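Enquirer: build me a model:
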Amino acid sequence: MDQQTPADEAQVTGEEHWTNKGDDCRLFLWEKFEGTPDGKEAIVFVHGSSMASTPTFDLTVPGRPFSSVMNWFALQGYDCWCLDMEGYGRSSKGRDDHFNIANGADDVKAATDYIAEARGIDKMHFYGVSSGALRAAMFAERNPERGAKLVLDAFVWTGEGSPTLEQRRKKLPEFKANRRRPIDLDFVRSIFSRDHPGCAEDSVVEAFAAAICALDTSIPNGTYVDMCENLPLVDPEKITAACMVLRGQWDGIAGVEDLLKFFAALPNPDKQFKSMAGISHASFQQKNYLMVYQILLDFFRQPGPLYQG
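Expert: Residues are numbered from 1 along each chain as shown. Below you'll find the model as predicted:
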């Protein structure tokens, strides 16, 4: 791992951006880089169902260096971006809509169109977590020209072998009947207790929960509906980017056999499947977060094959 110190985080610059999706949606984008973003490879981080982008990817926790994955990768020389999906955080929330996975893929398209123009780049790396992995995968399927490398963390394909989705389906009628569901600190805490308690430090969970609830007191139900009754949403045979599938050892949403079948169907031989020891859900908030950063960095930096036969 490239050695960085907490003091180095002060060298990272953050910039706020906004773009439009259609006539009635404003999307919030957040960028971080060291020095200048010019000429750097870009990483787009895509958040999940229950929180906006900056709590997930640009968190600050006293005494825990590099709780911000964006800071860490900025200091590795990348131009780092995240966005709030429509219905989350600082982005527009007014439309009468559940904001499903396909809508999120549209948000990623609008954001990457803006990034491509602002920074003069055609291809970007993508990291998506949980339903953010579904959004990123759907985007990659629809827009193969835009993706350099794709990382799918806590991904779910058909939903087979997922105890989390099995429990969630019991509330499907409620999710379908209501556009949004309320969240609070206890809800966020439950993300870290449902699979394997002890994977995350209490101070991190509390900081994460506070950051999420400062931006949202309710969140859309569209991704929950999709994951409960509409899977599969993506076709692995149509994803052509180099791809890495990540699964936390204790993650209750991502069944191993389901993911291995998805992985086997990916057509690009430049692909990896990684099992992350000691990780449940929400990888960047876990005790082993620096291990996850290194896994991603190695994948992004690995040269592409010169010969494939």
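
Enquirer: secondary structure element for Y114?
Expert: If you go by DSSP states H and E, Y114 is part of helix 101-119.

Enquirer: now do that helix: distance to the chain's middle.
Expert: How far helix 101-119 lies from its chain's middle: 14 Å, per Cα atoms, centre = their mean, to the nearest Å.

Enquirer: tell me what the helix or strand following that helix is packed against?
Expert: Counting by DSSP H and E, the next helix or strand C-terminal to helix 101-119 is strand 124-129. Contacts defined by 3 or more Cβ pairs under 8 Å, 6 or more residues apart in numbering; DSSP states H and E place strand 124-129 against strand 42-46, helix 101-119, helix 131-142, strand 147-153. Quick note: C-beta positions are derived from backbone N, CA and C, even for glycine.

Enquirer: returning to what we had before: buried ones in the helix holding Y114, by neighbour count?
Expert: Within helix 101-119, the residues scored as buried using 16 or more other Cβ atoms under 10 Å are 101-112, 114-115, 119.

Enquirer: now P269: how far from L185?
Expert: In this view, P269 and L185 are 45 Å apart by Cβ to Cβ, to the nearest Å.

Enquirer: ok, F126 next?
Expert: Counting by Cβ to Cβ, the gap from F126 to L185 is 30 Å.

Enquirer: these two: which has the busier surroundings?
Expert: More neighbours surround F126 than the other of F126 and L185, with 28 against 14 (other Cβ atoms under 10 Å).

Enquirer: I'd say that one and G147 touch.
Expert: Yes. The pair F126 / G147 is scored as a contact, 6.1 Å apart, by Cβ atoms under 8 Å.

Enquirer: now do the shared contacts for these two.
Expert: Here F126 and G147 share the contacting residues 139-140, 241, scored by Cβ atoms under 8 Å, 6 or more residues apart in numbering.

Enquirer: highest neighbour count among these?
Expert: F139 (29 neighbours).

Enquirer: quick one on the thing from earlier: ok, which of the helices and strands packed on strand 124-129 comes nearest Q76?
Expert: strand 42-46 (9.6 Å; Cβ to Cβ).

Enquirer: tell me the helix or strand right after that closest one.
Expert: Remark: after strand 42-46, the chain's next helix or strand is helix 53-57, criterion DSSP H and E.

Enquirer: helices and strands around that next one, which ones?
Expert: Here helix 53-57 touches strand 26-34, strand 42-46, strand 79-83, helix 202-215, going by 3+ Cβ pairs under 8 Å, 6+ apart.

Enquirer: so which of those is the most surrounded?
Expert: strand 79-83 (a mean of 28; mean count of other Cβ atoms under 10 Å).

Enquirer: residues making contact with that one?
Expert: By Cβ under 8 Å, 6+ apart, strand 79-83 touches 27-33, 37, 40-47, 53-54, 56-58, 69-70, 73-74, 91, 107-108, 111, 115, 119, 124.
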